[in-house]
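S.K.: below: sequence and its predicted model.
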Amino acid sequence: MEVTFLQHAFGLRDVDYLKTSYPDGLIQIHVRTKESKLKCSNCASKNVSKKGTKTRTFRTVPIGLQAVNIVAEVQRLFCKECGVTRQENLSWVDKKKLIRED
């Protein structure tokens with residue numbers, strides 16, 4: 001899938017496209033944040049190390065009659081500057097919307 005399509009259709013920026021799957025009549029687009037864009041959600045330092053991932057599923061607008069979910073590998077990061085371990089912030093997620101977790 002074209003990364004520009006993800007940017008224009010869903011507002012996904014700074015992500016790597018992984019794959020598309022089609023379970024139970026859904027379209028699921030799997031993504032993760034680009035390595036170069038990972039930063040601490042506390043102090044914004046890029047001096048971080050990965051400490052695992054969590055898969056989160058976000059409902060988005062349909063394509064035609066097909067429901068579409070964005071499945072993101074959300075990184076857990078340890079910041080070497082401020083010493084905290086937190087999940088990365090996803091720039092394309094509206095914090096006011098409900099999020100369903102897997």
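M.R.: That came through, no problem.
S.K.: now stretch 86-94: how far from the chain's centre is it?
M.R.: 7 Å (C-alpha atoms, centre = their mean, to the nearest Å).
S.K.: center of this structure, which residue is that?
M.R.: By C-alpha atoms, centre = their mean, the chain has its centre lying nearest to residue 72, at 3.9 Å.
S.K.: wait, it sits on residue 32?
M.R.: Yes - assessed by C-beta atoms under 8 Å, residue 72 is found in contact with residue 32 at 6.5 Å. (Glycine included, C-beta is placed from N, CA and C.)
S.K.: now do the shared contacts for these two.
M.R.: Residues touching both residue 72 and residue 32 by C-beta atoms under 8 Å, 6 or more residues apart in numbering: residue 15.
S.K.: picking up where we left off before, pretty sure the residue nearest to the centre of the chain is in a strand, no?
M.R.: Yes - Residue 72: assigned to a strand according to DSSP: H, G, I helix; E, B strand; the rest coil.
S.K.: contacting residues for it?
M.R.: Contacts for residue 72 (C-beta under 8 Å, 6+ apart) come out as 15, 30-33, 55-58, 90.
S.K.: what pairs with it across the strands?
M.R.: residue 31, residue 56 (DSSP bridges).
S.K.: please save the CA atoms from stretch 81-89 in CSV.
M.R.: This file holds the C-alpha atoms of stretch 81-89, laid out as CSV (Å, rounded to 0.1, in the frame of the first residue of the first chain):
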residue,chain,number,x,y,z
GLU,A,81,17.6,11.5,29.3
CYS,A,82,14.7,11.7,31.9
GLY,A,83,14.7,8.0,33.0
VAL,A,84,11.0,7.2,32.4
THR,A,85,9.5,4.3,30.5
ARG,A,86,6.3,5.2,28.6
GLN,A,87,4.4,4.4,25.4
GLU,A,88,5.2,6.6,22.5
ASN,A,89,2.7,9.3,21.5
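S.K.: just the buried residues of it, please?
M.R.: In terms of neighbour count (16 or more other C-beta atoms under 10 Å), stretch 81-89 has its buried residues at 86, 88-89.
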